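model this:
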Amino acid sequence: MGFFDSEIVQHEAKQLFEDYQALIKLGNNYGKFDRDGKKLFIEQMEAMMERYSIFMKRFELSDDFMAQMTMEQLKTQLGQFGVTPQQMFEQMHLTLLRMKSELEKQT
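Take a look at the predicted model:
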């Protein structure tokens, strides 16, 4: 069975995409959140990045041709911006750390 033929993979990909879209939409109002709302948003983004990182690692470790092609496409797309997948995750992590730091300064 191919990587993308797995119902588990399909479900997780769909759920990850939907959750990410909802969180990004919610994040458009981040500046209007109170302190607790901002803290919760950051925690949810951290959890999302962890899920996304694990999902991408599954692609990376798979020997399925389509999974490998997907990783190569991602690397190519990110490479156009001079970034590797690892750097992308590190940058997201740093952004969330800065957001936490700013939040702590507000107390």
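
what about the strands in the chain?
With DSSP state E, there are no strands along the chain.

tell me how far stretch 97-107 is from the chain's mean position?
21 Å (CA atoms, centre = their mean, to the nearest Å).

buried stuff in it?
Across stretch 97-107, burial judged by 16 or more other CB atoms under 10 Å covers 99, 103. To be clear about C-beta, it is placed using only N, CA and C from the backbone, and glycine gets the same treatment.

242 is where my numbering starts, stick with that
Right, with 242 as the first residue, what we last looked at is stretch 338-348.

Now do Met289: how many residues are near it, please.
17 (other CB atoms under 10 Å).

For it, give me its contacts.
For Met289, the contacting residues are 257, 260-261, 264, by CB atoms under 8 Å, 6 or more residues apart in numbering.

where are the low-confidence patches of this structure?
For the chain, the stretches flagged by pLDDT under 70 are 348.

quick one: the helices in it?
248-268, 276-302, 306-320, 326-346 (DSSP state H).

what's in contact with the first one?
What it means is helix 248-268. Contacts to helix 248-268, defined as CB under 8 Å, 6+ apart, come from residues 244-245, 282, 285-286, 289, 292-293, 296, 299.

still on that earlier bit, so which of the helices of the chain is the most surrounded?
Ranked by average neighbour count under the criterion mean count of other CB atoms under 10 Å, those are headed by helix 276-302 at a mean of 15.

quick check, distance from it to the centre of its chain.
Relative to its parent chain, helix 276-302 has a centroid offset of 5 Å by CA atoms, centre = their mean.

Now do that helix against helix 306-320, angle only.
In terms of direction (axes from the mean of the first three to the mean of the last three CA atoms, to 10 degrees), helix 276-302 departs from helix 306-320 by 130 degrees.

and the angle from helix 276-302 to helix 248-268?
150 degrees.

between helix 276-302 and helix 326-346, how many degrees?
Here helix 276-302 runs at an angle of 170 degrees relative to helix 326-346 (the same axes, to 10 degrees).

That concludes my questions; thank you for your assistance.
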